[in-house]
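J.: Okay, predicted coordinates and the sequence, questions at the end:
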Amino acid sequence: MIKILFICHGNICRSPMAQFVLEDMVEKAGMRDQFMIDSCATSREEIGNGVHYGTKDKLRKEGVRMHDHRARQLTKKDYEEYDYLIGMEETNIRNMKHLLGGDPEHKMMRLLDFSDHPRDIVDPWYTDNFDITYTDIVEGCEAFLKTLKK
């Protein structure tokens with residue numbers, strides 16, 4: 001089983017969006033039982049809060065199934081449990097390394113590092129543009145799955 005943890009600052013916009021998008025992709029590909037997918041935050045600001053309404057609205061429009069999710073913070077146990085710790089931007093990676101004391105097994109990377117155009121995924125909390133975030137996340141998840149198939 002491939003264990004993937006998506007991580008962003010608050011775990012209410014980008015990382016749950018990536019979680020639900022990838023879950024949808026693997027479900028449609030008939031590979032759901034081969035993956036464990038979750039998401040969390042580097043900060044404590046949103047712990048216990050649900051998914052941002054902008055993320056919910058965008059995923060509903062795209063027909064991506066969601067389930068109940070509450071923000072939680074990344075832990076050292078997560079590093080042991082997951083194969084991939086995928087951040088949305090370079091700041092997430094820096095904060096992940098700080099929280100966990102480094103990345104000795106090289107499990108941390110940005111989602112769009114798997115794509116042909118590596119870059120950060122902008123935080124829609126600040127931009128209010130969930131369309132761009134969704135497009136970037138789909139690009140990253142498709143590239144990630146393509147990488148796994150190799």
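T.: Received, thanks. Numbering: from 1, shown residues only.

J.: This structure: helices as residue ranges?
T.: 14-28, 53-62, 76-81, 90-100, 124-127, 130-149 (DSSP state H).

J.: possible to save those helices as TSV with mean pLDDT, mean neighbour count and distance to Asp113?
T.: The way it works is simple: take the backbone N, C-alpha and C, and place the C-beta from them, glycine included. Formatted as TSV, the helices of the chain follow (pLDDT from 0 to 100; neighbours: other C-beta atoms under 10 Å; distance: least, C-beta to C-beta, whole Å):
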stretch	mean pLDDT	mean neighbour count	distance to Asp113
helix 14-28	98	23	13
helix 53-62	98	16	22
helix 76-81	98	13	18
helix 90-100	98	17	9
helix 124-127	94	14	20
helix 130-149	97	18	8
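
J.: who wins for proximity to Ser43 among the ones you listed?
T.: Closest to Ser43 of those, according to C-beta to C-beta: helix 90-100, at 7.6 Å.

J.: coming back round to it: out of the helices of the chain, nearest to Leu112?
T.: helix 130-149 (4.8 Å).

J.: Alpha carbons of that closest one, as PDB, please.
T.: Extracted in PDB, the C-alpha atoms of helix 130-149 (Å, rounded to 0.1, in the frame of the first residue of the first chain):
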ATOM      1  CA  PHE A 130      -9.800  28.200  -6.000                       C
ATOM      2  CA  ASP A 131      -9.900  27.500  -9.700                       C
ATOM      3  CA  ILE A 132      -6.100  28.000 -10.200                       C
ATOM      4  CA  THR A 133      -5.400  26.000  -7.100                       C
ATOM      5  CA  TYR A 134      -7.600  23.100  -8.300                       C
ATOM      6  CA  THR A 135      -6.000  23.200 -11.800                       C
ATOM      7  CA  ASP A 136      -2.500  23.000 -10.200                       C
ATOM      8  CA  ILE A 137      -3.500  20.200  -7.800                       C
ATOM      9  CA  VAL A 138      -5.000  18.100 -10.700                       C
ATOM     10  CA  GLU A 139      -1.800  18.700 -12.600                       C
ATOM     11  CA  GLY A 140       0.300  17.600  -9.600                       C
ATOM     12  CA  CYS A 141      -1.800  14.600  -8.800                       C
ATOM     13  CA  GLU A 142      -1.800  13.300 -12.400                       C
ATOM     14  CA  ALA A 143       2.000  13.800 -12.600                       C
ATOM     15  CA  PHE A 144       2.400  12.000  -9.200                       C
ATOM     16  CA  LEU A 145       0.400   9.000 -10.300                       C
ATOM     17  CA  LYS A 146       2.300   8.900 -13.600                       C
ATOM     18  CA  THR A 147       5.600   8.900 -11.600                       C
ATOM     19  CA  LEU A 148       4.300   6.000  -9.400                       C
ATOM     20  CA  LYS A 149       3.400   3.900 -12.500                       C
END
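
J.: Thanks again, I'm all set now.
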